[in-house]
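Q: Give me coordinates for this.
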Amino acid sequence: EREREREREREVHNRLREPIKNLDLLPLPLRQTSNIYHIEGNILYRDDYRHQANAWHNMILAGRGCMGTCAYCAAPLWRNIYRKQGSIVAKHRRRSNDNIIAEALQMKKHGAQSILFMDDYFIRPYEEMLDFFQTWTEQVALPMFIHLSVDQLRKHPDLLKRAFDAGLTQLDLALQSGDEEFCLRIFNRHNDNKAVLKFFYEAYENFIPIFSEFIDGYLIDEYDDLQSKINFIRQLPPFDPAFRYANAISVMQLRVHPGSPLFEKYPNPDSLMLPSEEFIYRAMLMHFRLLMSDEEFERFRIKTGPRKNPEKLLSLFHMLLAGRHNAYIAAKAAALEGKDVFFFGCGEVYRARKQQFAGAKPRAILVDRQVPELIVDGLEVMQLQEILPKSERIPIVIFSAYALSIAQKIKKLRPDYSRADIIACETVA
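A: Below is the predicted model:
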């Protein structure tokens, strides 16, 4: 005991270093692969092949901190620690647009195909947002994923279209609960479900995938808000069997961070947690709600009930997803019999599915990149961007696992094309 006291006496508690106010002073990350080594099976490799495999997952932090006030997050704890030593730390510090663009161009030079912004919110003054999207379009021209602020979109709704035009690949908005009053009272989040739905429908019409985030797996103050989430999911854009993942949800189990306001209110957060089997069952219910009509879902809910092995619902979900996609393709193929169409793509999905559309009358096969073939199955292979702007509007059958991104390109080239004009085959079977 005496020794432990001596150790405590020798402890030195350093002050926290003051946060860097000008983040542009930080050097850009090292991106090139010439100095990367990889060891596998006791063999030293000069280049990490996984770096190339992960070219779609390049990440950027545009700032530090978060503008949110979520009660389950421990971010305020850090600011309180600084405050106790007499320092004031801003909730959010951001890099300049020029600094971010410089890093993105560096990433593009070293093979980046898409860029993921890891910030909780990509937010800055309106004029800076406009400048960022414009500069990104002119100089970087890569698909990007960013978390936009619903509050800022409500004030400046034109920002959403600017983000689409700049290459936004997905609209991801966190709700956590479908009950606005509960979300404010418990999570300290000022949700506007009506605004969120408006933005989701705008994205849906532009073939931008939408992603709703929820938190579940808890029971707070004896109130269960599962039904509020299910009710919100019911209002989302309808499930489209053409693009199976155009409308997706994420369900995370509540984890209350020590030092967060919610932890102060409920110091034993484990007591709020539901059993893991029940959480999985509830999460799967939300996913099934996406696919089903009101009547189907109620029958399904009564039939399944809470299960001891809810993981089995996952395989059932994927079977249902595949079945609806295949039924959709069969119906579209029948409807296009004898009609003029364009095909898009001549790869694996085309080879697997083309026979189903044997009754259609394709004029050509469109592609969006150079391919070695000039003629495939007697059809001329032509560049999408050269043909589509000047052609009449006829249906396009997409044969590609990335059909949604192709649909986005079609919509940009031809805003008059609707979802009914674009048929998607995403799988080989």
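Q: Kindly check the end-to-end length of stretch 243-257 for me.
A: End-to-end span of stretch 243-257 (CA to CA, to the nearest Å): 37 Å.
Q: now stretch 171-184
A: Stretch 171-184 end-to-end distance (CA to CA) = 23 Å.
Q: what does it contact?
A: Here stretch 171-184 makes contact (CB atoms under 8 Å, 6 or more residues apart in numbering) with 70, 145, 147-148, 150, 160, 186-187, 189-193, 196, 199-200, 203, 208-215, 223, 225, 228-233. C-beta coordinates here come from the backbone N, C-alpha and C atoms, glycine included.
Q: Next, work out how far apart residue 140 and residue 127 are.
A: Applying CB to CB, to the nearest Å, the value for residue 140 to residue 127 is 19 Å.
Q: So which of the two has more stuff around it?
A: residue 140 (20 against 8; other CB atoms under 10 Å).
Q: give the contact list for that one.
A: Counted by CB under 8 Å, 6+ apart, residue 140 has contacts 101, 104, 105, 108, 115.
Q: What about these, which are in strands?
A: residue 115 (DSSP state E).
Q: hey, where'd the strands end up in the stretch 51-200 of the chain?
A: For the stretch 51-200 of the chain, the strands defined by DSSP state E, counting those that start in this stretch occupy 58-60, 63-65, 92-94, 115-117, 144-145, 171-176.
Q: which one of the ones you listed lies closest to residue 327?
A: Closest approach to residue 327 among the strands of the stretch 51-200 of the chain (CB to CB): strand 171-176, 27.3 Å.
Q: re earlier: redo the strands of the stretch 51-200 of the chain as TSV? Include mean neighbour count and mean pLDDT.
A: Shown next, in TSV, are those (neighbours: other CB atoms under 10 Å; pLDDT from 0 to 100):
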stretch	mean neighbour count	mean pLDDT
strand 58-60	18	90
strand 63-65	18	92
strand 92-94	17	93
strand 115-117	19	94
strand 144-145	20	94
strand 171-176	21	94
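Q: TSV for those strands, including distance to residue 423?
A: Below are those laid out as TSV (distance: least, CB to CB, whole Å):
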stretch	distance to residue 423
strand 58-60	32
strand 63-65	42
strand 92-94	43
strand 115-117	30
strand 144-145	26
strand 171-176	23
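Q: Poorly predicted segments of the chain, please.
A: Flagging of the chain using pLDDT under 70 yields the residue ranges 32-37, 45-57, 306-308.
Q: max-length helix in it?
A: helix 312-335 (DSSP state H).
Q: Nearest to residue 332, out of the strands of the stretch 51-200 of the chain?
A: Between the strands of the stretch 51-200 of the chain, strand 171-176 lies closest to residue 332; by CB to CB that is 26.0 Å.
Q: List the neighbouring strands of the closest one plus their orientation.
A: strand 210-216 (parallel) (DSSP bridges).
Q: who's in contact with residue 319?
A: Residue 319 touches nothing, counting by CB under 8 Å, 6+ apart.
Q: just the strands in the stretch 251-400 of the chain please.
A: 340-344, 361-367, 375-376, 379-383, 396-399.
Q: how about TSV for the ones you listed, with mean neighbour count added?
A: Formatted as TSV, the strands of the stretch 251-400 of the chain follow (neighbours: other CB atoms under 10 Å):
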stretch	mean neighbour count
strand 340-344	21
strand 361-367	20
strand 375-376	14
strand 379-383	15
strand 396-399	25
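Q: Residue 267 is nearest to which of those?
A: strand 396-399 (53.7 Å).
Q: could you point out which element follows the closest one?
A: Heading C-terminal from strand 396-399, the first helix or strand you meet, by DSSP states H and E, is helix 403-413.
Q: Need the CA coordinates for that following helix. PDB is fine.
A: What follows is helix 403-413, C-alpha atoms only, in PDB (Å, rounded to 0.1, in the frame of the first residue of the first chain):
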ATOM      1  CA  ALA A 403     -27.100  -0.700 -62.100                       C
ATOM      2  CA  LEU A 404     -28.000   2.200 -59.700                       C
ATOM      3  CA  SER A 405     -24.900   4.200 -60.500                       C
ATOM      4  CA  ILE A 406     -25.600   3.600 -64.200                       C
ATOM      5  CA  ALA A 407     -29.100   4.900 -63.700                       C
ATOM      6  CA  GLN A 408     -27.700   8.000 -62.100                       C
ATOM      7  CA  LYS A 409     -25.600   8.700 -65.200                       C
ATOM      8  CA  ILE A 410     -28.600   8.100 -67.400                       C
ATOM      9  CA  LYS A 411     -30.700  10.600 -65.300                       C
ATOM     10  CA  LYS A 412     -27.900  13.200 -65.600                       C
ATOM     11  CA  LEU A 413     -27.600  12.800 -69.400                       C
END
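Q: which strands and helices sit next to it?
A: Using 3 or more CB pairs under 8 Å, 6 or more residues apart in numbering; DSSP states H and E as the contact test, the elements touching helix 403-413 are helix 384-387, strand 396-399, strand 422-425.
Q: which stretch among the ones you listed comes nearest residue 320?
A: Across the helices and strands packed on helix 403-413, residue 320 has its closest neighbour in strand 422-425 (17.6 Å, CB to CB).
Q: Give the partner strands of the closest one in its sheet and their orientations.
A: Strand 422-425 has these strand partners (DSSP bridges): strand 396-399 (parallel).
Q: quick one: which of the contacts of residue 140 is nearest residue 364?
A: Using CB to CB, the contacts of residue 140 come closest to residue 364 at residue 108, 31.3 Å.
Q: from memory the closest one sits against residue 142, does it?
A: Yes: proximity of residue 108 to residue 142 meets the contact threshold set by CB atoms under 8 Å, at 6.0 Å.
Q: re the thing from before, ok, of the contacts of residue 140, which one's closest to residue 331?
A: Checking those one by one against residue 331 (CB to CB), the nearest turns out to be residue 115, at 37.5 Å.
Q: can you tell me which residues contact that closest one?
A: 58, 59, 60, 104, 107, 140, 142, 143, 144, 145 are the contacts of residue 115 under CB under 8 Å, 6+ apart.
Q: if we go to 7 Å?
A: 58, 60, 104, 107, 142, 144 (CB atoms under 7 Å, 6 or more residues apart in numbering).
Q: where's the second one relative to residue 109, distance?
A: In this structure, residue 60 and residue 109 are 14 Å apart, going by CB to CB.
Q: now swap in the fifth one and tell me
A: According to CB to CB, residue 142 and residue 109 sit 11 Å apart.
Q: Right, I'll call it a day here.
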